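K.L.:
What shape does this take:
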Amino acid sequence: MSKKRILTMLLATVLLLGALAACLADTLPETYVESPIVATELPPNDMPAPLFGPGITVASMAEPPSVAPARHSALIGSFMNAMTHNGLFRVDSETLNPVPDLVSEWSAISDTVFELRIHEGVMFHNGDEMTAYDIAASLEYVRTYPDQRVAHGSLTSWEVIDAYTLRLDTGEPNALLLNDLASHGNFIMPRSLIDSGHDFMAEPIGSGPFIFEEWRAGDYLRFRAFEEYFDAARFPRIEYVEWRIIPEGSSRTIALEVGEVDYLVDVAFPDVARMEGNDNITVQQISGATFQHFIMNNDRPQFSNIYARQAIDMALDREAMVEASLDGFGVPIWTSMPPILAGASTENTRSFGPDAARALLAEHNIDPASLDFEMLVFDEQQRRRAEVAQANLGEIGITTTILMIDFATWLTLTLGDTYDATFANFTTTNLVSFMRNTMSIDFIDSQNRSRMRNEEFTELVSEAIVTVNENERNAILEKASGIANQHAGILGINMNIVVRAFNSNLVAPELSANGAMHMNMMYWNE
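P.N.:
Predicted coordinates:
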């Protein structure tokens with residue numbers, strides 16, 4: 001079989017700009033109307049698509065911290081949550097816009113009140129039929145956990161109208177409502193299990209295309225197709241998915257080459273050329289929407305001075321980091337937010353310059369030795385870029401140490417104020433969401449891991465959230481972007497390139513810039 005390499009894109013992320021810039025603009029109507037917006041009609045529930053073939057084995061570098069949707073903020077966990085659960089909306093793979101999922105129709109009654117009707121006959125894995133009462137209970141449930149506090153930040157209240165209709169109130173206009181409703185943090189669970197105190201960490205029960213079966217920590221997770229899935233157009237076409245955890249990159253590559261696994265979520269970049277030369281393997285690449293960055297805990301004394309943070313920014317060689325950690329599969333950046341998103345600005349950015357960094361420290365009487373700190377990393381890619389940073393910072397007199405920890409520990413430690421610095425990834429489809437989640441004062445102790453405390457910036461983000469007009473909102477975001485770049489609370493390193501590799505007999509029709517690949521849409525060629 002001839003090798004296929006599909007969706008290859010140039011490294012320049014500007015190719016993705018047009019697609020993502022429209023995402024937020026299309027989220028809410030410019031003029032609210034009372035007539036409903038009807039979702040795509042579903043095929044009859046009693047006519048599900050058949051299972052076309054055997055299951056697939058997937059390999060990833062890390063396992064999720066949790067399989068319960070509201071109990072983590074990890075991208076790898078969200079991939080698995082999408083297998084077992086549904087949200088009111090989901091993110092479209094091509095446009096990255098939120099589109100109806102459980103919702104059959106919805107209408108904007110005012111600029112703050114929305115009425116949503118869900119499809120009838122949606123079944124949970126435990127046999128319950130989903131109603132609006134399950135949605136209300138799920139929205140209340142997620143508010144009890146801090147991991148996904150950002151996912152329900154746009155809602156103030158909700159009301160059940162009837163068994164299949166819910167009314168949501170944002171309190172004030174909110175441009176993030178549909179994005180939040182598509183988040184895994186707002187996936188829907190059965191009210192009966194919530195009320196009974198069911199352990200969703202041990203057994204996640206949703207309405208998704210796959211049923212969770214087993215998790216052997218450090219080894220694998222297993223899911224099987226849900227034969228009563230409500231959406232025939234997205235009905236699973238494989239019998240099961242076994243998700244294997246293989247931390248070492250070359251071991252994942254070999255497992256694919258010898259047929260032990262069928263699909264690699266985390267591709268070892270040094271092995272890409274070799275896999276591209278293998279007719280039995282498809283390598284898939286697209287420009288990504290993941291912002292890979294360096295976080296300084298602004299509450300730590302080393303990073304309390306803006307000039308110290310700016311000097312560190314100028315000392316870090318982004319190109320060397322991308323080459324060392326990603327073998328060049330990334331686009332170096334110098335902004336404090338994803339530059340591919342509408343509203344991002346390059347105002348007040350700096351560039352690589354060790355001499356300028358040393359001069360800035362001297363100008364403000366900052367002793368480099370007083371800035372010594374520890375960097376947390378949780379995988380080999382981060383470790384390699386930390387080693388480059390260590391060498392860069394050593395050149396301007398700052399001594400650093402590197403501590404490698406597991407991902408679950410990293411998630412816990414970086415929510416607090418006791419760590420110094422770390423590397424992180426954040427995937428988003430609009431700038432308002434990114435700014436709110438990662439830099440707003442309101443989300444310290446949640447996803448604002450830098451503990452950035454810039455009141456002017458937070459006020460601008462709050463203003464952007466309630467501004468429905470796209471041009472007006474982008475003007476506000478550009479001003480906030482300039483403030484964030486000047487503040488240097490977090491430092492952009494690169495935008496990612498999404499790379500997947502899989503058996504060439506496997507058809508994987510959906511891969512999005514946020515990394516999601518929707519296992520239920522995959523199938524085997526006969």
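K.L.:
Confirm residue 436 sits in a helix?
P.N.:
Yes. Applying DSSP: H, G, I helix; E, B strand; the rest coil, one finds residue 436 inside a helix.
K.L.:
how about the closest residue to it other than its chain neighbours, what does it touch?
P.N.:
In space, and not counting its chain neighbours, residue 436 is closest to residue 461: 5.4 Å by C-beta to C-beta, 6 or more residues apart in numbering. Just so you know, the C-beta spots here come from the backbone N, C-alpha and C atoms, and that holds for glycine as well. Taking C-beta atoms under 8 Å, 6 or more residues apart in numbering as the criterion, residue 461 is in contact with 432, 435-436, 439-440, 480.
K.L.:
Tell me which two of those residues sit farthest apart.
P.N.:
Greatest spatial distance in these: 432 and 439, 11.2 Å, computed using C-beta to C-beta.
K.L.:
how many other residues sit next to residue 159?
P.N.:
Residue 159: 13 surrounding residues under other C-beta atoms under 10 Å.
K.L.:
Nearest to the middle of the chain, which residue? Look it up for me.
P.N.:
residue 427 (3.7 Å; C-alpha atoms, centre = their mean).
K.L.:
where's that residue relative to residue 516, distance?
P.N.:
Separation of residue 427 from residue 516 (C-beta to C-beta, to the nearest Å): 9 Å.
K.L.:
quick one on the thing from earlier: which of the contacts of residue 461 has the most neighbours?
P.N.:
For the contacts of residue 461, neighbours tallied by other C-beta under 10 Å; top is residue 439, 29 neighbours.
K.L.:
can you give me the helices in the stretch 151-300 of the chain?
P.N.:
177-181, 191-195, 249-257, 272-276 (DSSP state H, counting those that start in this stretch).
K.L.:
would you turn these into JSON lines with mean pLDDT, mean neighbour count and distance to residue 489?
P.N.:
Compiled in JSON lines, the helices of the stretch 151-300 of the chain are given as follows (pLDDT from 0 to 100; neighbours: other C-beta atoms under 10 Å; distance: least, C-beta to C-beta, whole Å):
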{"stretch": "helix 177-181", "mean pLDDT": "90", "mean neighbour count": "25", "distance to residue 489": "23"}
{"stretch": "helix 191-195", "mean pLDDT": "97", "mean neighbour count": "16", "distance to residue 489": "37"}
{"stretch": "helix 249-257", "mean pLDDT": "97", "mean neighbour count": "18", "distance to residue 489": "31"}
{"stretch": "helix 272-276", "mean pLDDT": "96", "mean neighbour count": "16", "distance to residue 489": "34"}
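K.L.:
Please tabulate these in JSON lines, including the columns distance to residue 88.
P.N.:
Converted to JSON lines, the helices of the stretch 151-300 of the chain look like this (distance: least, C-beta to C-beta, whole Å):
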{"stretch": "helix 177-181", "distance to residue 88": "5"}
{"stretch": "helix 191-195", "distance to residue 88": "15"}
{"stretch": "helix 249-257", "distance to residue 88": "35"}
{"stretch": "helix 272-276", "distance to residue 88": "38"}
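K.L.:
out of those, nearest to residue 344?
P.N.:
The nearest among these, by C-beta to C-beta, is helix 177-181 at 16.8 Å.
K.L.:
Distance of the nearest residue to residue 191 once chain neighbours are set aside relative to residue 188?
P.N.:
Computed as C-beta to C-beta, 6+ apart, the closest residue to residue 191 that is not its neighbour in sequence is residue 137, at 3.8 Å. According to C-beta to C-beta, residue 137 stands 9 Å off from residue 188.
K.L.:
ok, those two, which is more surrounded?
P.N.:
residue 188 (26 against 19).
K.L.:
Hmm, the more buried one is touching residue 81, no?
P.N.:
No. At 11.1 Å, residue 188 does not count as touching residue 81 under the criterion of C-beta atoms under 8 Å.
K.L.:
intersection of neighbour lists for the two?
P.N.:
residue 206.
K.L.:
so where does the closest residue to residue 456 other than its chain neighbours fall, helix or strand?
P.N.:
Leaving aside its chain neighbours, residue 456 sits nearest to residue 483 (6.0 Å; criterion: C-beta to C-beta, 6+ apart). Using DSSP states H and E, residue 483 sits within helix 470-487.
K.L.:
Which strands or helices does that helix pack on?
P.N.:
With contacts taken as 3 or more C-beta pairs under 8 Å, 6 or more residues apart in numbering; DSSP states H and E, helix 470-487 sits against helix 14-25, helix 306-315, helix 431-439, helix 455-465.
K.L.:
buried residues in the second one?
P.N.:
Yep, that's helix 306-315 we're talking about. 308-315 (16 or more other C-beta atoms under 10 Å).
K.L.:
Would you mind checking the average pLDDT for that helix?
P.N.:
The average of the pLDDT scores along helix 306-315 is 98.
K.L.:
and the next element down the chain from it?
P.N.:
Helix 306-315 is succeeded, C-terminally, by helix 318-326 (DSSP H and E).
K.L.:
which residues in the stretch 301-450 of the chain form strands?
P.N.:
Counting by DSSP state E, counting those that start in this stretch, the stretch 301-450 of the chain has these strands, from start to end: 330-332, 373-377, 400-404, 421-427.
K.L.:
among the ones you listed, which is nearest residue 292?
P.N.:
strand 421-427 (5.2 Å).
K.L.:
Which secondary structure elements does the biggest strand by length in the chain sit against?
P.N.:
Determined from DSSP state E, the single longest strand within the chain is strand 281-296. Packed against strand 281-296 by the contact rule (3+ C-beta pairs under 8 Å, 6+ apart) you find strand 5-6, helix 14-25, helix 272-276, strand 421-427, strand 490-503.
K.L.:
how about 6 Å then?
P.N.:
helix 272-276, strand 421-427, strand 490-503 (3 or more C-beta pairs under 6 Å, 6 or more residues apart in numbering; DSSP states H and E).
K.L.:
As TSV, those with distance to residue 288 would be great.
P.N.:
Putting the helices and strands packed on strand 281-296 into TSV (distance: least, C-beta to C-beta, whole Å) gives the following:
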stretch	distance to residue 288
helix 272-276	15
strand 421-427	8
strand 490-503	4
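K.L.:
can you tell me which of the ones you listed the model trusts least?
P.N.:
Across the helices and strands packed on strand 281-296, strand 421-427 has the smallest mean pLDDT, namely a mean of 92.
K.L.:
List the contacts of stretch 166-186.
P.N.:
The contact list for stretch 166-186 (C-beta atoms under 6 Å, 6 or more residues apart in numbering) reads 27, 69-70, 78, 81, 87-91, 98, 111-116, 132, 135, 142, 148, 151, 154, 156-161, 432-433, 465-466, 468.
K.L.:
for stretch 369-389, same thing?
P.N.:
302, 308, 316, 320-321, 324-325, 398-405, 407, 410, 419-423.
K.L.:
Just the buried positions in that stretch, please.
P.N.:
371, 373, 375-379, 381-389.
K.L.:
ok, the residues you listed vs residue 448, which is closest?
P.N.:
The closest of the buried residues of stretch 369-389, once distances to residue 448 are taken by C-beta to C-beta, is residue 376, at 16.4 Å.
K.L.:
beta partners of that closest one?
P.N.:
With DSSP bridges as the criterion, residue 376 is bridged to residue 403, residue 422.
K.L.:
what's the answer for residue 90, then?
P.N.:
residue 99.
K.L.:
of the contacts of stretch 369-389, buried ones?
P.N.:
So, by 16+ other C-beta under 10 Å, the buried ones in the contacts of stretch 369-389 are 302, 308, 316, 320-321, 324-325, 398, 400, 403, 405, 407, 410, 419-423.
K.L.:
How about residue 452, nearest residue that isn't a chain neighbour?
P.N.:
residue 489 (3.6 Å).
K.L.:
distance of that neighbour from residue 75?
P.N.:
Counting by C-beta to C-beta, the gap from residue 489 to residue 75 is 22 Å.
K.L.:
of the two, who's got more company?
P.N.:
Applying other C-beta under 10 Å to residue 489 and residue 75 shows that residue 489 carries more neighbours, namely 25 against 18.
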